[in-house]
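Next input, structure requested:
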Amino acid sequence: MTLKQKRSGVDRAELKVALLIGMITVVGFLLRFYHLGDQSLWLDEAISSNAAAALLQYDSPVFPSGHIYGRAILNTYLIALSYNIFGVSEFAGRLPSVIFGTLTIPIVYFIGAKLENRNVGILASIFIAFSVWEIMWSRQARMYQQLQFFYLASILLIYEFNNNRTTKNFVLLVICILGAMSSHLFGYVLIPMALIYFLIGNIDIAKRIQIESIDIRPVVLSLAILLVLIFATDLTRVISQVFNTRYDYFGSYIYFLEDWVPLFFYLAPLGAVMAFEKRPGLGTLLILSYMIPFYFISFHVKLLGFRYLYFIFPILVVFSSLLIIKLTEHKKEQLLPKLRFPNTKVLINSAIIILLLLASVAQFQLTPEDNYKLEPRTPQAEFKEAYNTIKTNMGPDDAIMAGWTPLAQYYIGKCDYWLAFPITGTGIDDFLINNTQYDVYANATAIRDVRALEDVINAHTQGWIVVDDMTQRGIRPEMRSYLSNDTIFKVESYDSLKVYRWNLSLYDEIENSN
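Numbers count the residues shown, from 1 in each chain. Next comes the predicted model:
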């Protein structure tokens, strides 16, 4: 075979892989895009959506309370851009996440292919494309999907830059790290991780003996970037906040992974060991990229949020894919063993993997859905339907009270009162403008007890109260008891959500007629 024929064969193989990854990516996009605007927003989505709408209107992500929402600023700008093109809607707010979720599929392929071979990358990209967890967070108007994309792209570029220190790789790396940091505070973990990896990588290059041969350029470069960031951002505040916070959610996160993604939870550790043995450079980087964030999220983040682990989830998928491919390959590298010359070990391993996949079928979504139930601790309900009904029937002077004020602000443009309860378990004051009784998100007056609730009802002839299950559990028992008074309130149910309506003028007419 001539060199030209060999090259032609390689080109054809690369084209086939490119077409296959393209097909997987398209299918992944369709699963994420399907009926994107149907499902109601939930609390966090409404916060981001209101900030983006304000950015378009006032050139600043400012809430009615005057509070400027500076968190995940890149996400806010991208949603605002989508609003500017398509109009303010659930579809437009979620579209940036769909785009980043779709682009994550080929990024995972490249990481898997770099770690071992194309088969690992293909299998990992298939898992990501059809993962329920990946699909559902690719359909949210929040920052977690773009954080995941920039984080994984940064990992890939850290590895590439360490091996090939070109200006192009450096510029792309800086862009992706800045993209991750402007998507979420978790993106800041890339700085210490890159420093550690560059140090380890250079020591490995020098074979831990010829110290004088260590190339310190990437280390110096990283330190320079770190110094710039310290002076240009609030990194010092972030570092102080992280290390002055101490919690222990380790067991809760382990239990969640075991319950939510058991296939990858059990296979990934063995795959990580295999990755370290076969590709110590990239294997070490991937292990660091998972363990460092997992440590900080478990012990130095104030709130327990299972979605916080989402951005590092694909690393578990890559490790698991490596293990599956190595256990099922026979002689030449391939996705499935050749059955013409059966190998007992390969067949047994393949059978075990197939059984694990069948047992984990709930982790994957093969057909499109218009409604997804997020993991625990995410308040989802039929807010969209409830507020559309209120908007159709409310009068100009009707009072609006809600447990989740951002949703009222998004769907009807105002929220007068907050049915206050400790949303995160840290107290009500965390959600109020300093030294006031007005909430951060909608400038709604906080209603803390039943007496204040009664005063509001008596002060307004007509009004509406929107209460979901989480609000119902969070408010005081006497407030729940008061709301159950059917002589004052007319109640309509929307699945797990209730709308209480009062009309004092109507009640006065009834009493006068009697």
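
I'd like the average pLDDT over stretch 51-63.
Across stretch 51-63, pLDDT averages out at 96.

In that stretch, which residues are buried?
Neighbour-count burial for stretch 51-63, counted by 16 or more other Cβ atoms under 10 Å, picks out 51, 52, 53, 54, 55, 61, 62, 63. Using the backbone N, CA and C atoms, a C-beta is placed for each residue, glycine as well.

low-confidence ranges in the protein?
Along the chain, segments meeting pLDDT under 70 span 1-10, 201-245, 330-361, 425, 504-514.

Domain map for it?
For the chain, automatic domain parsing gives the domain ranges 17-363, 383-513.

SS state for residue 492?
Under the three-state scheme (DSSP: H, G, I helix; E, B strand; the rest coil), residue 492 adopts strand.

count of residues packed around the closest residue to it other than its chain neighbours?
Using Cβ to Cβ, 6 or more residues apart in numbering and skipping residues adjacent in sequence, the residue nearest residue 492 is residue 499, 4.7 Å away. For residue 499, the number of neighbouring residues by other Cβ atoms under 10 Å comes to 21.

Columns distance to residue 374 on top of the domains of the chain, output as JSON lines?
Compiled in JSON lines, these are given as follows (distance: least, Cβ to Cβ, whole Å):
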{"stretch": "domain 17-363", "distance to residue 374": "6"}
{"stretch": "domain 383-513", "distance to residue 374": "13"}
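
what's the closest of the ones you listed to residue 375?
Judged by Cβ to Cβ, the one of those that comes nearest to residue 375 is domain 17-363, at 4.6 Å.

re the thing from before, looking at the buried residues of stretch 51-63, spot the one nearest residue 426.
Nearest to residue 426 out of the buried residues of stretch 51-63 is residue 63 (Cβ to Cβ; 19.5 Å).

how about that closest one, what does it touch?
50, 51, 54, 69, 409, 440, 441, 442, 443 (Cβ atoms under 8 Å, 6 or more residues apart in numbering).

cutoff 6 Å now
Residue 63 makes contact with residue 441 under the criterion Cβ atoms under 6 Å, 6 or more residues apart in numbering.

before we move on, what about residue 404?
Counting by Cβ under 6 Å, 6+ apart, residue 404 touches residue 43.

quick one: it from residue 410, how far?
As judged by Cβ to Cβ, to the nearest Å, residue 404 and residue 410 stand 10 Å apart.

Residue 440 too?
Applying Cβ to Cβ to residue 440 and residue 410 gives a distance of 15 Å.

Can you pick out the residue with more neighbours from the two?
Between residue 440 and residue 410, residue 410 has the larger neighbour count (other Cβ under 10 Å), namely 27 against 22.

Render the CA-only coordinates of stretch 136-146 in CSV, please.
Taking C-alpha atoms only, stretch 136-146 is exported to CSV below (Å, rounded to 0.1, in the frame of the first residue of the first chain):
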residue,chain,number,x,y,z
MET,A,136,-32.7,18.7,31.2
TRP,A,137,-30.0,21.2,32.1
SER,A,138,-29.4,22.1,28.5
ARG,A,139,-33.1,23.2,28.5
GLN,A,140,-32.8,25.7,31.4
ALA,A,141,-32.4,29.5,31.2
ARG,A,142,-29.5,29.2,33.7
MET,A,143,-25.7,29.3,33.5
TYR,A,144,-24.8,25.7,34.3
GLN,A,145,-24.7,24.4,30.7
GLN,A,146,-22.4,27.2,29.5
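
got a list of contacts for it?
If you take Cβ under 6 Å, 6+ apart as the criterion, stretch 136-146 is touched by 32, 44-45, 48-49, 72, 75, 93-94, 97-98, 100-101, 183-184, 307, 310, 372, 374.

List the ones among those residues that fall in helices.
32, 44, 45, 48, 49, 75, 93, 94, 97, 98, 100, 101 (DSSP state H).

Could I have the PyMOL command that selects the buried members from those residues?
Buried members of those, defined by 16+ other Cβ under 10 Å, are picked up in PyMOL with:
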select buried, resi 32+44+45+48+49+75+93+94+97+98+100+101
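
Tabulate the ones in helices among the contacts of stretch 136-146 in CSV, adding columns for distance to residue 417.
As requested, the ones in helices among the contacts of stretch 136-146 are exported to CSV (distance: Cβ to Cβ, whole Å):
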residue, distance to residue 417
32, 37
44, 21
45, 22
48, 23
49, 21
75, 29
93, 25
94, 29
97, 31
98, 35
100, 36
101, 37
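
Out of the ones in helices among the contacts of stretch 136-146, the closest to residue 418 would be?
Set against residue 418, the nearest of these by Cβ to Cβ is residue 44 (16.5 Å).

For the closest residue in space to the closest one that isn't next to it in sequence, give me phi and psi.
Nearest residue to residue 44 in three dimensions, chain neighbours excluded: residue 142, at 5.4 Å (Cβ to Cβ, 6+ apart). Torsion angles at residue 142 (phi, psi; degrees, to the nearest 10) stand at phi -140, psi 180.

Pull the number of nearby residues for residue 142.
Residue 142 has 26 nearby residues by other Cβ under 10 Å.

likewise residue 376?
Neighbour count for residue 376, taken as other Cβ under 10 Å: 11.

The one 3 residues further on too?
Neighbours of residue 379 under the rule other Cβ under 10 Å: 20.

That one falls within a strand, correct?
No: the secondary structure assignment for residue 379 gives coil rather than a strand, going by three-state DSSP.

and it, what does it touch?
So residue 379 contacts 42, 43, 468, 470 (Cβ under 6 Å, 6+ apart).

roughly how far apart are it and residue 44?
On the measure of Cβ to Cβ, residue 379 and residue 44 end up 9 Å apart.

ok, now residue 416?
For residue 416, the distance to residue 44 (Cβ to Cβ) stands at 22 Å.

for the stretch 351-500 of the chain, what spans make up the strands?
Assignment of strands within the stretch 351-500 of the chain using DSSP state E, counting those that start in this stretch yields the ranges 399-402, 417-419, 445-447, 462-468, 490-494, 497-503.

quick one: buried residues of the one helix or strand residue 174 maps to?
Here residue 174, judged by DSSP states H and E, is contained in helix 167-181. Buried residues in helix 167-181, counted by 16+ other Cβ under 10 Å: 169, 170, 172, 173, 176, 177, 178, 179, 180, 181.

Apart from its chain neighbours, what residue comes closest to the third one?
Here the nearest residue to residue 172 in space, its sequence neighbours aside, is residue 157; by Cβ to Cβ, 6+ apart that works out to 5.4 Å.

and the one you found, what is it in contact with?
Applying Cβ under 6 Å, 6+ apart, the residues contacting residue 157 are 172, 173, 176.

does residue 288 belong to a helix or a strand, and which?
With DSSP H and E as the test, residue 288 turns up in helix 280-299.

Give me the contact list for that helix.
For helix 280-299, the external contacting residues (Cβ under 6 Å, 6+ apart) are 114-115, 155, 159, 189, 193, 197, 249-250, 253, 272, 275-276, 308, 312, 315.

Same question for it: list its buried residues.
Neighbour counts over helix 280-299 (16+ other Cβ under 10 Å) mark 281-290, 292-294, 296-298 as buried.
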